[in-house]
Structures are given as structure tokens and as C-alpha cells.
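Trainee: Return a 3D structure for these sequence lines:
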Amino acid sequence: KSAFPSLSSKRKCKPPTAKNVLLKLVLSLPPNADPACREHVIAHFQYMAWPDRGIPDTYGHFLDMIEYVRCKQGEDTVPICVHCSAGCGRTGVICTLDYIRQLLLKQRIPPHFNIFDIVLQMRKQRPAAVQTQEQYQFVYHAVTEMFWAALNFSNKKYENIKEVRKRLRDESVCSSLHRGAVSSNSFMKTNINSLP
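Mentor: Below you'll find the model as predicted:
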């Protein structure tokens, strides 16, 4: 039952998968409201396989959900609202990955692309975005998956790409570890937990 007596709502559910649920909420305004604004349909996506302060068990399903949300939005300019229980850790991961996805799709990856700097920028807008070390590492791995998917899609002529994929992914994670990006608990205290 609605807390707003002049609003009514109906739910239309898409059958859930093991990972996510899509709810369609239809909000109806009272009959005396402007006819053009009487009914609003809200698509509500819920990712079920993500524990609080943890990470999803797979990158693929999670990235597919982000893609599906963006496809569902289409050319519409309505905003996307993202929220988890606290509104920081998981929300920050989703916003960070969606932002990087947009950079990739628009071919606007800067020459000195740096995930750490992007997370810093996110934290200026949402304190504690990307809350745990595991979530930060998840962002790194998911970005690697996005870049590989883009390379596979746009460069079919690279026949050996699957052979070098694991090596390059491992190198990217190792190089970030050597630079101190995700190397220790002191990193979390210094660079993640104390960031703006």
C-alpha cells in the first residue's frame, strides 16, 4: 500500500534469473492529474547475487545487467537511479563501471587511463564509493573484461587474442599491485578508506 494516498502502483514481474530480477512498477496519479502525466512506468532492476560489502561471483552476469539497463533506457533521457543498502560500496562499483563503459563506447578513454583516479572522482560525488578492497579489485577485473570484449568485437583480425588474454589480464593486475594500487591492507587504510 502506498504511503501517498493519491498514488497507486502495480507490479509486473519478469521471471527472475539466478542473478537478477526486473520489476516493472506502474505509478498512477489520481484522475484529476494532467492526462499526459497520469501514468509512469519504472523499470526496477535488482541484482540478487551480490552480498553486502562483498562482490558478485562473476563479472559476466554483472556486466550483462549493466548493459541490459542501458539498453532498456535506450535513447530516453530519464535518469538511472542506482542504490544499494548503504548507497556507497556497491553503488560506487556500478557507477564506476558504467562510467568506464560509457568512455569505452564513446571511444573517449584518456591516454593515461587510471581506475584509481576515476574512483577518486566518484568519491568526491559519493563518499565511500567502492567501499572494500575486494570491490576495488572487482572493478579492475570487470574493466579488464570490458576492454577484452571491446577488443574482441572490434578487432576480429587478432587471431591469437584468446591466447594472450590471460597473460595480459594477469600482467595488468600484477602491475597495479606493484604500483601499490591494491597491494595490502595499508593501501586500504591509506588510499581507499581515507579518500574523500
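Trainee: which ones are touching residue 150?
Mentor: Neighbour list for residue 150: residue 104 [criterion: CB atoms under 8 Å, 6 or more residues apart in numbering]. Every residue, glycine included, has its C-beta placed from N, CA and C.
Trainee: Alpha carbons of the helix or strand containing it, as CSV, please.
Mentor: Assigning secondary structure by DSSP states H and E places residue 150 in helix 133-154. What follows is helix 133-154, C-alpha atoms only, in CSV (Å, rounded to 0.1, in the frame of the first residue of the first chain):
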residue,chain,number,x,y,z
GLN,A,133,39.4,-3.8,-1.3
GLU,A,134,37.5,-6.7,-2.9
GLN,A,135,35.1,-4.3,-4.6
TYR,A,136,38.1,-2.3,-5.9
GLN,A,137,39.7,-5.4,-7.3
PHE,A,138,36.4,-6.4,-8.8
VAL,A,139,36.3,-3.1,-10.6
TYR,A,140,39.8,-3.8,-12.0
HIS,A,141,38.8,-7.2,-13.2
ALA,A,142,35.5,-6.1,-14.7
VAL,A,143,37.2,-3.3,-16.6
THR,A,144,39.6,-5.8,-18.0
GLU,A,145,36.6,-7.9,-19.2
MET,A,146,35.0,-4.8,-20.8
PHE,A,147,38.2,-3.9,-22.6
TRP,A,148,38.7,-7.5,-23.8
ALA,A,149,35.1,-7.6,-25.0
ALA,A,150,35.6,-4.4,-26.9
LEU,A,151,38.9,-5.7,-28.5
ASN,A,152,37.2,-9.0,-29.5
PHE,A,153,34.3,-7.2,-31.0
SER,A,154,36.2,-4.5,-32.9
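Trainee: Quick one: the helices in the chain, in order.
Mentor: 59-73, 89-105, 115-125, 133-154, 161-178, 185-187 (DSSP state H).
Trainee: Packed most tightly, which of those helices would that be?
Mentor: Greatest average neighbour count among the helices of the chain goes to helix 89-105 (a mean of 20), per mean count of other CB atoms under 10 Å.
Trainee: per-residue confidence at the residue lying closest to residue 46 once chain neighbours are set aside?
Mentor: Among residues not flanking residue 46 along the chain, residue 21 sits closest, at 4.5 Å (CB to CB, 6 or more residues apart in numbering). Each residue has a pLDDT score; the one for residue 21 is 72.
Trainee: low-confidence ranges in this protein?
Mentor: 1-19, 154-196 (pLDDT under 70).
Trainee: Just the endpoints, please. Distance across stretch 116-134?
Mentor: Using CA to CA, to the nearest Å, one end of stretch 116-134 lies 14 Å from the other.
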